[in-house]
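>>> sharing a sequence plus its predicted fold:
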Amino acid sequence: MKKWKKIGFTVLLASTTLLATACSGSTNSDGGSDKGKTTIEFMHWGGDETFEGVYQERIENFEKSNPDIKVKTITVADDYDTKLQTMIAGKQAPDVAQVAENGSGFASKNAFIDLNDKIKEANIDIPATWGSAIDLYTLDNEIFGIPDRGGSSLLYYNKILFDEAGIEYPNENWTIDDYYKAAEALTKDTDGDGEIDQWGSTAGDYQLVWGNFLQANGGAVIKDGKVVIDSAENQATIKAYDEAFKKWSVSYQIAEDKVNRFQAGLVGMNMTGFWDMNSNATVIGDKFDYGIAPMPIGTEKTSWSTGSALTISSQSSEKEQEASWKFIEYMASEEAQQLVGKDLQDCPANLKTLNSDEFLNQKVEGHEIDLSAIPIAQERVTIDGLLTGPWYSEATTEARAKIKEMLLGNLTPEETLSTLQKNLTDIVAKY
Amino acid sequence: MESKIVEETTTSSNIASKERRVKINRRWFFIFISPWLIGFLGLTVGPMIYSFIMSFTDWDMLTKMEFIGLDNYINLFKDQIFLLSIKNTFIYALMSVPISLLVSLGMAYLLSFKLKGMRFFRTLYYLPAIVPIVASSILFTNILAANGLLNKVLGYIGIEGPAWLLEKGAVLYGFVLLALWGVGSTMVLLLSAINSIGDEMYEAAMMEGASRLKMFRSITIPLISPVIFFNLITGIIGSLQTFTQVYLLTDGGPDNASSMIVPYLYKNAFSYYRMGYASAMAWVLFAIILVLSLIVLRSSKMWVFYEEEVK
């Protein structure tokens, strides 16, 4: 019996020690140089399709003009945050990592280096190149990410339904009131059976929509690290939003079947990110033809950000950081950004690229669509404090849950905002 | 042939060779179980100890671990969503385990009748249990939708079903229904236990004029009680650890009405950067399951009947 216990205890001790050292291990250089060549690791999400569409060509071009740098890409299909988290914890962080709203969480734990100096050295005019979109990648005045893929909330509208209803198309000066008027006119019972079969909008609890509306009316969810969601402007905005949903939006019960009613020509307007440009264009036909406009404005002209940026890991050696910066500089250059916007695969972050004729004159899946809304929307990007803190995930989940309850009719708008004020403040305090 | 009884003399050499044999056997024993033992210690016990240590820290996977004593555990019991998760998990377990057992017992009993075509029905009712839980969860997003299959069927018999996945009061029932869909494996275990009961008992009882119900209650149930006991314990442990279905169907919604302990633990560990806090949650869950299992184990002496015990 004694021997058994001894062996067992030794193995137990050994495996626990192994585990402990593995988890608190020393700094590993994950790239490394090989005969003067520096290898850097680049990680992004979206799977192979995204790699081929948005990154592959740019990486090849960069490697051609920088023969002493090799880029090793890690394509993540799912659970990107978890993977990045475990890599950083295991001291195996990729040199360059794509981030979006999840960036500030990692940045607050010093996962990335400050890029302010490098930007100044490279003489990049920040407002002209990216506008306020870079606020999403700024924490305590330290810029940790360079915008690489842009994109903001856009209002997609079905031209055919608008023509039928005799309403003018949305444009960059459309107000929220215009939007509600159009939503009302587009909601109909087309076959007279007492049930609505055409809706004005798909607006729901997606924060890109109601968050945009709050900002447009001068309000915010979180500002300067403080929760300000229960304000007079927000009360008015959310009340109108709630009423509009119940009258003119596709209800949750109906939307549960996950049918894309906008593409089916049953909904007048859909507000979402840039990513629907191509898929919508493939279904243009008798029932569906679309145009885009920036989000409706209020007292402010705002858009909700949907872009992503590239960061440099603080775990990388100086050589790797230098190589990574060269890589990022190229990715953000106008030449590379044009490749991002080629065929509308994705939306460049560089404003100069967005405003160029080369980008704007492109056809979408062979169709001609007026793309001028895209740079306008991108220039209007305003970052809410909800997105720039490690609380992003928890706070967004809570906000969406309560807004959904309101839209389902279980909470009044006043209750929703006052509950959120309390709960979001508790959440922010945890960080 | 004459059989000689060879007496083993207790010489020192005999004792020594016996000890050597025992030593050699012991060595082989360890060699054979070493793969499993290493795996168990390194991949189960080791991480358990590490997680226990983590539960007393504020580790977020990215910065240094700082010891914070019992703060995680104290905060757990102030965390409204965690308390709600415990409540939801218990309600779900209290509903799904007994109902599943009753349904599978009933089905097993009916399937034990020696009628033609029983094999077909046995296979049919077992099939849902081999569908991967991910696939059946996604399938149920359509079945439990407000205008989904279940409500359409209920509509035919005049009942207006709730929006299972959108209403706080209905969502847990939706999960119970999903659990019921998978009773196949429990049913098969009970069926084989029922079928292994010899006919003699029933024949003797029938001769004494016992009704079918009496036979079921006094013969069948006691004799299969070990299998019921097994399914009860595994059912409790499994239902308290529900994760996949919640993650895929509602992600805890609507508004945390279906939030259960493991999904909430997962969110805290991987979305909210609170690994230490999540570890504390895991250990609280462990304690709950341990206590409940012990209770069922102790109570089993009163109602589980093992044939071998009959002298």
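That came through, no problem.
>>> and stretch B:69-79, how far out from the chain middle?
Computed by Cα atoms, centre = their mean, to the nearest Å, the chain-centroid distance of stretch B:69-79 equals 28 Å.
>>> again with stretch A:181-195
Distance of stretch A:181-195 from the chain centroid (Cα atoms, centre = their mean) equals 32 Å.
>>> mind listing what's buried along that stretch?
Within stretch A:181-195, the residues that qualify as buried are A:A182, A:A183, A:E184, A:A185, A:L186, A:T187, A:K188, counting by 16 or more other Cβ atoms under 10 Å in any protein chain shown. Where you see a C-beta, it was placed from the backbone N, CA and C, and this is true even at glycine.
>>> break the chain into its domains for me.
Just so you know, I chose chain A. According to automatic domain parsing, chain A comprises the domains A:34-151+A:306-371, A:154-304+A:391-430.
>>> my question was about chain B, not that one.
Domain ranges of chain B: B:1-54, B:71-309, per automatic domain parsing.
>>> does the first one reach chain A?
Yes - with Cβ under 8 Å from any Cβ of the partner chain as the criterion, chain A is reached by domain B:1-54 at B:R26, B:F30, B:L37, B:I38, B:L41, B:G42, B:V45, B:G46, B:P47, B:I49, B:Y50.
>>> how much space separates the fourth one from B:T44?
Distance of B:I38 to B:T44, given as Cβ to Cβ, to the nearest Å: 11 Å.
>>> same check on B:R26?
Distance check for B:R26 against B:T44: by Cβ to Cβ, it reads 23 Å.
>>> what of A:N234?
50 Å.
>>> out of those two, which sits in the more crowded spot?
Taking other Cβ atoms under 10 Å in any protein chain shown, A:N234 and B:T44 do not tie; A:N234 has more neighbours (25 against 11).
>>> how about the more buried one, what does it touch?
A:L214, A:N217, A:G219, A:V228, A:L417 (Cβ atoms under 8 Å, 6 or more residues apart in numbering or on different chains).
>>> now do B:I24
So B:I24 contacts nothing (Cβ under 8 Å, 6+ apart).
>>> let's verify it: helix, strand, or coil?
Classification of B:I24 using DSSP: H, G, I helix; E, B strand; the rest coil returns helix.
>>> for chain A, what are the nearby residues on the stretch 101-250 of chain B?
Within the stretch 101-250 of chain B, the positions near chain A by Cβ under 8 Å from any Cβ are B:T141, B:N142, B:A145, B:A146, B:N147, B:G148, B:A163, B:L165, B:L166, B:E167, B:K168.
>>> run a quick neighbour tally on A:K287.
Neighbourhood size, A:K287 [other Cβ under 10 Å]: 13.
>>> separation between the closest residue in space to it that isn't next to it in sequence and A:D163?
Among residues not flanking A:K287 along the chain, A:G265 sits closest, at 3.1 Å (Cβ to Cβ, 6 or more residues apart in numbering or on different chains). Distance, A:G265 to A:D163, using Cβ to Cβ: 12 Å.
>>> contacts only, for A:V221.
Contacts of A:V221 were listed using Cβ under 8 Å, 6+ apart, and they are A:G211, A:L214, A:V227, A:V228, A:I229, A:D384, A:G385, A:L386, A:A395, A:A399, A:L424.
>>> average pLDDT across stretch A:103-113?
For stretch A:103-113, mean pLDDT rounds to 90.
>>> repeat that for stretch A:239-253.
pLDDT averaged over stretch A:239-253 gives 95.
>>> export that stretch to CSV, keeping only CA atoms.
The C-alpha coordinates for stretch A:239-253 follow below in CSV (Å, rounded to 0.1, in the frame of the first residue of the first chain):
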residue,chain,number,x,y,z
LYS,A,239,-39.6,55.2,-26.7
ALA,A,240,-40.0,56.0,-30.4
TYR,A,241,-37.8,53.0,-31.3
ASP,A,242,-40.0,50.7,-29.3
GLU,A,243,-43.2,51.9,-30.8
ALA,A,244,-41.8,51.7,-34.2
PHE,A,245,-40.7,48.2,-33.7
LYS,A,246,-44.1,47.0,-32.6
LYS,A,247,-45.8,48.6,-35.5
TRP,A,248,-43.4,48.4,-38.4
SER,A,249,-40.7,45.8,-37.8
VAL,A,250,-40.6,42.1,-38.3
SER,A,251,-41.6,40.5,-35.0
TYR,A,252,-39.4,38.0,-33.1
GLN,A,253,-41.9,35.3,-33.5
